[in-house]
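A.B. asks: From the sequence below, what's the structure:
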Amino acid sequence: MDNLPVELLREIIELAAESDLIQAALLSSVSSQFHTWAQPALCRTVIALEEGYESMPPQLNRTWLETNGRHVRGVLVWGFEDPLSLFELCPHITEFSVWWTDLVELLPVISKLPIRKITSDFSSLFGTSYLHVEQGRSQLFQNVTHLEVIDAQQSWLYIQGLTELPQLTHFAFPEAEYVRSVRDQHNEDTSAIVHDILRSCPRLKVLVMFVQGVSSDSDEHSPEEEEPVEAEVPFRCDEPRMIAIESTIPRWEDWVKGRFSYRNAWEVAEKVVQRNWQRRQLESTRVTTS
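C.D. replies: Numbers count the residues shown, from 1 in each chain. Take a look at the predicted model:
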């Protein structure tokens, strides 16, 4: 590779680093030139954890963010002490997963970011109301295509406000016990609600319900072994866009997998929905030709 033009070599290393961040991190300690070229890819994802846990990168602080924040595209925040500065110093974030953090405090900053994917508990924004995006909150959701609600206590309320999200194509929520309790309390039929949502949201391509699965007994499992698995939808539904996925790992771990190029729930869901549409088309063809 010594004979390759410098710009081509740099492009190859950047693409290689993005496809395998773990190996890129190891190789960056061997070659200073490799480290320089791979640095943007290595900074694409930040995991900011509460005190007592090691964030990624380990040296995550204001100095690091001021130097590398422009490269960051995805952020996971879990009780981090200064999440506001993190988002302020990373102006190109397109995806975030926020846990145990008040979104209201972050709203002035995150509303200005080019966010496309969100995984969060939205109760601090909307309480027990439907997911309305009025009163200055709409800017946060204007460009969101993927939305995952992680709070099972509120998900069934939020899901009824999806028609107000103009670009939404993917939505995921946990079934848990609460769905059944809401269904019983309000005498609402689960399948009817889902069908109403899908009819009202023509842009929605994938609707995922996470159902509880059995976690692996092994503490040492690879991401490939814990790949999300399709489950049976817990009610009658003949809509190709609606699927269930067995949740065997924490949702934050699935988010990290997606950022590190492993198959996560969204990727599995898209393949299942594609298969469902192919089956529907095949059945339609058979009826037409019979």
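A.B. asks: for the lengthiest helix in the chain, packing partners?
C.D. replies: In the chain, taking DSSP state H as the definition, the longest helix is helix 265-289. In terms of contacts (3 or more Cβ pairs under 8 Å, 6 or more residues apart in numbering; DSSP states H and E), helix 265-289 is packed against strand 170-174, strand 206-212, strand 229-231, strand 242-247, helix 251-259. All C-beta atoms are positioned from the backbone trio N, CA, C, and that covers glycine.
A.B. asks: Contacts for the second one, please.
C.D. replies: Contact with strand 206-212 is made by 169-176, 179, 194, 197-198, 231, 233-234, 239, 241-247, 251, 265-266, 269-270, 273, as judged by Cβ atoms under 8 Å, 6 or more residues apart in numbering.
A.B. asks: Same question for the longest one.
C.D. replies: Contacts made with helix 251-259 from outside it, assessed by Cβ under 8 Å, 6+ apart, are listed as 44-45, 47, 74, 76, 78, 95, 97, 99, 119, 148, 150, 174, 210, 223, 228, 263-267.
A.B. asks: cool, and the third one?
C.D. replies: Outside strand 229-231, the residues within contact range by Cβ under 8 Å, 6+ apart are 211, 213, 243, 244, 245, 246, 248, 268, 272.
A.B. asks: Let's see that with 7 Å instead.
C.D. replies: 211, 213, 243, 244, 245, 246, 272 (Cβ atoms under 7 Å, 6 or more residues apart in numbering).
A.B. asks: What are the buried residues along stretch 259-268?
C.D. replies: 259, 263, 264, 265, 266, 268 (16 or more other Cβ atoms under 10 Å).
A.B. asks: now do the same end-to-end measure for that stretch.
C.D. replies: End-to-end span of stretch 259-268 (Cα to Cα, to the nearest Å): 14 Å.
A.B. asks: looking only at pLDDT, what's the mean for it?
C.D. replies: Regarding stretch 259-268, the rounded mean pLDDT is 86.
A.B. asks: Check stretch 75-95 too.
C.D. replies: 94.
A.B. asks: With stretch 52-62 instead?
C.D. replies: On average, stretch 52-62 scores 88.
A.B. asks: what does that stretch contact?
C.D. replies: Outside stretch 52-62, the residues within contact range by Cβ under 7 Å, 6+ apart are 46, 47, 48, 49, 64, 85.
A.B. asks: Tell me which of those fall in strands.
C.D. replies: In strands, defined here by DSSP state E, the members of these are 46, 47, 48, 49.
A.B. asks: how much space between the second one and residue 252?
C.D. replies: Taken as Cβ to Cβ, to the nearest Å, the spacing of residue 47 relative to residue 252 amounts to 9 Å.
A.B. asks: any shared contact partners between those two?
C.D. replies: residue 76.
A.B. asks: Which of these two has more residues huddled nearby?
C.D. replies: residue 47 (21 against 16; other Cβ atoms under 10 Å).
A.B. asks: Can you give me the distance of the residue nearest to that one when sequence neighbours are not counted to residue 264?
C.D. replies: Using Cβ to Cβ, 6 or more residues apart in numbering and skipping the chain neighbours, the partner closest in space to residue 47 is residue 56 (4.1 Å). Going from residue 56 to residue 264 by Cβ to Cβ gives 17 Å.
A.B. asks: Equivalent analysis for residue 171, please.
C.D. replies: To residue 264, residue 171 is 15 Å away according to Cβ to Cβ.
A.B. asks: Can you give me the domain assignment for the protein?
C.D. replies: 1-42, 128-140+163-290 (automatic domain parsing).
A.B. asks: which of the ones you listed has the lowest average pLDDT?
C.D. replies: For the domains of the chain, where the average pLDDT is lowest is domain 1-42, sitting at a mean of 65.
A.B. asks: nearest residue to residue 82 other than its sequence neighbours?
C.D. replies: With Cβ to Cβ, 6+ apart, the residue lying closest to residue 82 is residue 62, at 7.8 Å.
A.B. asks: just the helices in the stretch 101-250 of the chain please.
C.D. replies: With DSSP state H, counting those that start in this stretch, the ranges of helices along the stretch 101-250 of the chain come out as 103-110, 123-126, 138-141, 155-158, 176-185, 190-200.
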